[in-house]
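Visitor: build the 3D model from these lines:
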Amino acid sequence: MQTETATAVLPVPDDEAARRRARAAERRRQAAEVKRSRAGRRRPRRQTVPPTPAKAADQHRSALLIMVLTLGLLIAAVAVTGGLIASSMRTRPVALAAPLHIYPVSEATPGPCPAGTAGITGQAGTGPTCYRLTQGIAIHKVAGLRVQKSRVKPGGYDVALTLRPVDRDAFARLTRATVGRDLAFVVRDRLVTLPRVDMAITDGKVVVTGSPDRTTANRLVRDLKGGR
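Guide: Residues are numbered from 1 along each chain as shown. As a prediction, this is how the structure comes out:
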């Protein structure tokens, strides 16, 4: 004898039904929140409005002003940099080991100078010569002293001596009074060189010509510095 099993559907209590309805409502609310959030993210693109002629002119003037200011700053920076470079490239004063005396030569006579003569004995092409000297100047430092290739004699060398501003006026007066005559450059009571003054030198730049080679020119530089 078979026993039939009956399945009964029991009614859901009222509190359970209420909870289901609440959960369903909560899901609907959450779905609505998600939908609104997505809609907020999908905002329409802003349309670009072309600028008015007046606004475009203002923008052009602003861009031009910025360009002018930038160019001015660039020029100022270049000027400052150039000044610094030029300042760094200036020749430092050269201190001489012994004073360089420069005397005008008033007379040259063959043979050594007699005792008590206001002059100095040097070697000329004809032998010892007495060079009588007048009042000169003494230089303790120079702005520059170097060897350079001769601008007059091909293959020769010159010695370029640049005086400091403090000595330029005195040397200018000296050369104005001795155009066409010799100047004796004397160091440690020894005649170092005897250049002829072709014209007044007012800028303090002296060029001693006549060195046949660089070795001779270097020796003259050493002698002018007072080297032994």
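Visitor: mind saving the C-alpha coords of stretch 219-228 as PDB?
Guide: Below are the C-alpha coordinates for stretch 219-228, written out as PDB (Å, rounded to 0.1, in the frame of the first residue of the first chain):
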ATOM      1  CA  ARG A 219     114.000  88.100 -23.900                       C
ATOM      2  CA  LEU A 220     112.900  91.700 -24.300                       C
ATOM      3  CA  VAL A 221     109.700  91.000 -22.300                       C
ATOM      4  CA  ARG A 222     111.700  89.400 -19.600                       C
ATOM      5  CA  ASP A 223     114.100  92.300 -19.400                       C
ATOM      6  CA  LEU A 224     111.300  94.900 -19.300                       C
ATOM      7  CA  LYS A 225     109.800  92.900 -16.400                       C
ATOM      8  CA  GLY A 226     113.000  93.200 -14.500                       C
ATOM      9  CA  GLY A 227     114.000  89.600 -14.800                       C
ATOM     10  CA  ARG A 228     117.600  88.600 -14.200                       C
END
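Visitor: quick one: contacts for residue 118?
Guide: By C-beta atoms under 8 Å, 6 or more residues apart in numbering, the contact list for residue 118 reads 132-134. No exception for glycine: its C-beta is placed from N, CA and C like everyone else's.
Visitor: residue 158 touches residue 208, doesn't it?
Guide: Yes: counting by C-beta atoms under 8 Å, residue 208 is a contact partner of residue 158 at 6.4 Å.
Visitor: joint contacts of those two?
Guide: Here residue 158 and residue 208 share no contacting residue, scored by C-beta under 8 Å, 6+ apart.
Visitor: emit the ChimeraX select command for whichever of the contacts of residue 118 are buried.
Guide: Of those, the buried ones can be selected in ChimeraX as follows, counting by 16 or more other C-beta atoms under 10 Å:
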select :132,133
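Visitor: okay, and which of the contacts of residue 118 map to helices?
Guide: Applying DSSP state H to the contacts of residue 118, no entry is found in helices.
Visitor: now do the helices in the chain.
Guide: With helices called from DSSP H, the chain shows them at 14-41, 53-89, 165-176, 214-224.
Visitor: any idea of the mean pLDDT for the first one?
Guide: By that I understand helix 14-41. Averaged across helix 14-41, the pLDDT comes to 77.
Visitor: what is it packed up against?
Guide: Using 3 or more C-beta pairs under 8 Å, 6 or more residues apart in numbering; DSSP states H and E as the contact test, no helix or strand touches helix 14-41.
Visitor: begin at 639, not 1, for the rest of this chat.
Guide: Done: numbering now begins at 639, and the last item shifts to helix 652-679.
Visitor: can you give me the buried ones in it?
Guide: Residues of helix 652-679 classed as buried: none (neighbour count, 16+ other C-beta under 10 Å).
Visitor: got the contact list for the longest strand seen in the chain?
Guide: Determined from DSSP state E, the single longest strand within the chain is strand 732-748. The set of residues external to strand 732-748 that reach it, using C-beta under 8 Å, 6+ apart, is 758, 762, 764-783, 809, 812, 815-816, 819-826, 832, 862-866.
Visitor: work out the gap between that strand and the centre of the chain.
Guide: Remark: strand 732-748 is offset 37 Å from the chain centroid, using C-alpha atoms, centre = their mean, to the nearest Å.
Visitor: many thanks, we can stop here.
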